[in-house]
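S.K.: Have a look at this prediction, sequence included:
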There are 2 protein chains.
Amino acid sequence: MDPAEVRNEEIPQASHLALDIGGSLIKLVYFSRNDNSHTDDKEQRTLNEGLGVSSDGSCPILKGRLHFAKFETSKINDCLEFIRCYRLHLGGFQHHETPSNKIIIKATGGGAYKFANLFEEELGISLDKEDEMDCLVTGANFLLKEVQQEAFTYLDGHKEFVQIDHNDLYPYLLVKIGSGVSMIKVDGDGKFERVSGTNLGGGTFWGLGRLLTKCKSFDELLELSHQGNNRVVDMLVGDIYGGMDYSKIGLSATTIASSFGKAISDNKELEDYRSEDISRSLLRMISNNIGQVAYLNALRFGLKRIFFGGFFIRGHAYTMDTIAVAVHFWSKGEAKAMFLRHEGFLGALGTFMSYGKQSYEGLSVDQATQQFPMSLSHAGDKIYCPLSQDLNDSIECSVYATQHHS
Amino acid sequence: MDPAEVRNEEIPQASHLALDIGGSLIKLVYFSRNDNSHTDDKEQRTLNEGLGVSSDGSCPILKGRLHFAKFETSKINDCLEFIRCYRLHLGGFQHHETPSNKIIIKATGGGAYKFANLFEEELGISLDKEDEMDCLVTGANFLLKEVQQEAFTYLDGHKEFVQIDHNDLYPYLLVKIGSGVSMIKVDGDGKFERVSGTNLGGGTFWGLGRLLTKCKSFDELLELSHQGNNRVVDMLVGDIYGGMDYSKIGLSATTIASSFGKAISDNKELEDYRSEDISRSLLRMISNNIGQVAYLNALRFGLKRIFFGGFFIRGHAYTMDTIAVAVHFWSKGEAKAMFLRHEGFLGALGTFMSYGKQSYEGLSVDQATQQFPMSLSHAGDKIYCPLSQDLNDSIECSVYATQHHS
């Protein structure tokens, strides 16, 4: 969305801006109350209903909705402009220990450190840094426990939502595929350990893809893979065995022996290959490897369920299929790959929840929210809008308006 | 070596040709007796000494040496010409069940199937196919048990030979890095299981390298990596965290967060990157991943030692260093990466040993050989000559001249 367009739209009363600033993408989550600036009778009733009372009776509860947005980290100025237009930077909190009553915004990811000065200079706000892994786990646990139809399996083109039993959620392996990949064993709320990771992640797919094709965006590259045939680029078992399986060790002729291995013997140059085929081969290489490393880590700790998140997947069928097949193949069906509808916003959601951790002045988040289906608000770089194709509901949320202690 | 040159050289009396025909390379091992065609008095004595008697008294023992050669699979005609020039195809065996007394040559690898007809048409020989994993394990066990100064560790640029205790060799993990990668748990002679593998192998390094650089050979690409700096291409933790470590989870600023991840945000095209930097980044990506997947598999089975073989490594310092560091890092020092001087010829050596498995007519191999230091014979494509830089001795071998049973 062009920030210039935003000015002409209705600006919601937004608060609780939470930022997850990664190597490739900035993810934003923020809250808007269910009321708006021009209240009529009906809306006033809604507002009154929305203003409940918190469990200790001290704070009015504001009902509203969560909004999601994302930008490329390299286009951080677009993000700053978006925040300014929506006045999101005013929706933080003030702390009596903060000098000059500067507004504080919760943020996570490496960019919360790297761009702290930029946010201060441009928006006059201070970033309160939350630990990245903490936020990922908090976000994932929130989604898995509180949001219906969040987790699903994907096999043979068939998507199936999984009903999560709250008493049987832990332990699980959380695999966050961003630019790189983190693998976290989650044992409970705030109980986790980053047990592994791999540097072959979304940044590798898009970085290699940019160098090998003329694609201008991650999603263009992903889209191309639909029409691609990886067998043009990959060396299959059958290519080595003259079309035969190597059945003794369970390798069929169509198993990939060596990704990009066919490029070694061909007399072809880069420009002789179709971008579609390269994209598909790359996607399969990265996805399969992540699935394998994830499975091996799940095995280490006896974890049967692996949840995959992060903005690499984007609800892309072939990606999910490759990961699911890899987990199924290597675990001989013992472990299960599951995906999350809000895959890209785990860290940002966890950061959002962190407003509720401390008794800050201003608003705090009630983590035990109810969820109702409603339409999701999207904004940010239009290149990255997989959720809009896939999601028909979003997360309703309520927050406490706490006392001012200063 | 140009086959045309071979004609002008002395042709040794060669036998026991064994072929390992992989997706990228054909590896040859063959035997030559310590005598030669023009015997003088001294050589006759040597020949007499060389002709010992086998343990059961039935067969004269021929002492001699093993020769190693390799060719690119895509240049198989050079290999056929080499075999023809050296008359290696005559050094097989004949079986009374073989129609028309066709000479049989032992072979393994997918190419033993794929190119069987070609060998029959061009050289009039029949390939007797041995199982690839069987041969790899047989070759590795032979080297580890019988050859002194075969296995070594490599850390921080320091190479150290490992004395293998025969009684404490098993179990170990054998990682064969060819075009693709096989991981085999070895429990004894002929006792093994292929437990894992990855399709990110030598073919991926060279295939992607060919597409991304102007390099004309694998070794040119490998050589370039010496002068490269992967930080130009890779996204480091410090790039995301503004130069800081993410110390809470043990990631330093220089840890690679995402291989090729820097290529996503730069406004650079492929031609703006140096081949050196791309090569180094690729090498590190592949080597690190192999080290990690190998470690995770060693962990599964409680294996403390991992031996890496295959023609990907080529005694290349940075490759070994990356693999060793990956194993050390992920295992927290628990597991150890070890390398083999004859890394590229495991399968071919195992195939060579298979001549001794059956009571074929002709010569058979005595597997319990003595080894003496001597110079190694090299031939084949000169591009691939890492051993010549590194090896100062080779494997002495003796064979039985068995009875003719037909």
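M.R.: It's in. Numbering: from 1, shown residues only, chains lettered A, B, ... in the order given.
S.K.: Could I get the buried residue list for the longest strand anywhere in chain A?
M.R.: With secondary structure taken from DSSP state E, chain A has its longest strand at strand A:60-72. Buried residues in strand A:60-72, counted by 16 or more other C-beta atoms under 10 Å in any protein chain shown: A:61-72. For glycine as for every other residue, the C-beta is placed from the backbone atoms N, C-alpha and C.
S.K.: now, which of the residues you listed lie close to chain B?
M.R.: A:E72 (C-beta under 8 Å from any C-beta of the partner chain).
S.K.: In the buried residues of strand A:60-72, find the pair that's most separated.
M.R.: Based on C-beta to C-beta, the longest span within those runs between A:I61 and A:E72 and measures 35.8 Å.
S.K.: Count the residues that sit near the residue in the stretch 301-406 of chain A positioned nearest to chain B.
M.R.: Chain B sits closest to A:W330 of the stretch 301-406 of chain A, with a gap of 7.5 Å, by C-beta to the nearest C-beta. A count of nearby residues for A:W330, using other C-beta atoms under 10 Å in any protein chain shown, gives 21.
S.K.: The residue lying closest to it once chain neighbours are set aside: what secondary structure?
M.R.: Setting aside the residues directly before and after it, A:W330 is nearest to A:Y295 in space (C-beta to C-beta, 6 or more residues apart in numbering or on different chains), at 4.4 Å. The local conformation at A:Y295, judged by DSSP: H, G, I helix; E, B strand; the rest coil, is helix.
S.K.: my guess is A:L123 meets A:E81, correct?
M.R.: No: using C-beta atoms under 8 Å, A:L123 makes no contact with A:E81, being 10.1 Å away.
S.K.: list the residues that contact both of these two?
M.R.: Common neighbours of A:L123 and A:E81, counting by C-beta atoms under 8 Å, 6 or more residues apart in numbering or on different chains, are absent.
S.K.: so which helix or strand takes in A:M338?
M.R.: For A:M338, the host element (DSSP states H and E) is strand A:336-340.
S.K.: buried residues in that strand?
M.R.: Within strand A:336-340, the residues that count as buried by 16+ other C-beta under 10 Å are A:336-340.
S.K.: got CSV for the residues you listed, with distance to chain B and pLDDT too?
M.R.: CSV is the format used below for these (distance: C-beta to the nearest C-beta, whole Å; pLDDT from 0 to 100):
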residue, distance to chain B, pLDDT
A:K336, 19, 89
A:A337, 17, 95
A:M338, 21, 96
A:F339, 21, 97
A:L340, 21, 95
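S.K.: re the thing from before, identify the residues contacting the residue of the stretch 301-406 of chain A closest to chain B.
M.R.: A:W330 sits next to A:291-292, A:295-296, B:196 when contact means C-beta under 8 Å, 6+ apart.
S.K.: what about A:N229, distance to B:V195?
M.R.: To B:V195, A:N229 is 30 Å away according to C-beta to C-beta, to the nearest Å.
S.K.: before we move on, the earlier item: show me what the longest strand of chain A is packed against.
M.R.: If contacts are counted by 3 or more C-beta pairs under 8 Å, 6 or more residues apart in numbering or on different chains; DSSP states H and E, strand A:60-72 sits against strand A:25-33, helix A:41-50, strand A:52-53, helix A:76-85, helix A:346-353, strand A:377-380, strand A:396-401.
S.K.: can you tell me which of the ones you listed the model trusts least?
M.R.: Note on the helices and strands packed on strand A:60-72: strand A:377-380 shows the lowest mean pLDDT, a mean of 28.
S.K.: Contacts for stretch A:156-169 next, please.
M.R.: With contacts defined as C-beta under 8 Å, 6+ apart, stretch A:156-169 is touched by A:141, A:144-145, A:149-154, A:317, A:321, A:338.
S.K.: Just the ones of those residues in helices?
M.R.: A:141, A:144-145, A:317, A:321 (DSSP state H).
S.K.: Please convert the buried members of those residues into ChimeraX selection syntax.
M.R.: Of the ones in helices among the contacts of stretch A:156-169, the buried ones go into a single ChimeraX selection, burial set by 16+ other C-beta under 10 Å:
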select /A:141,144,321
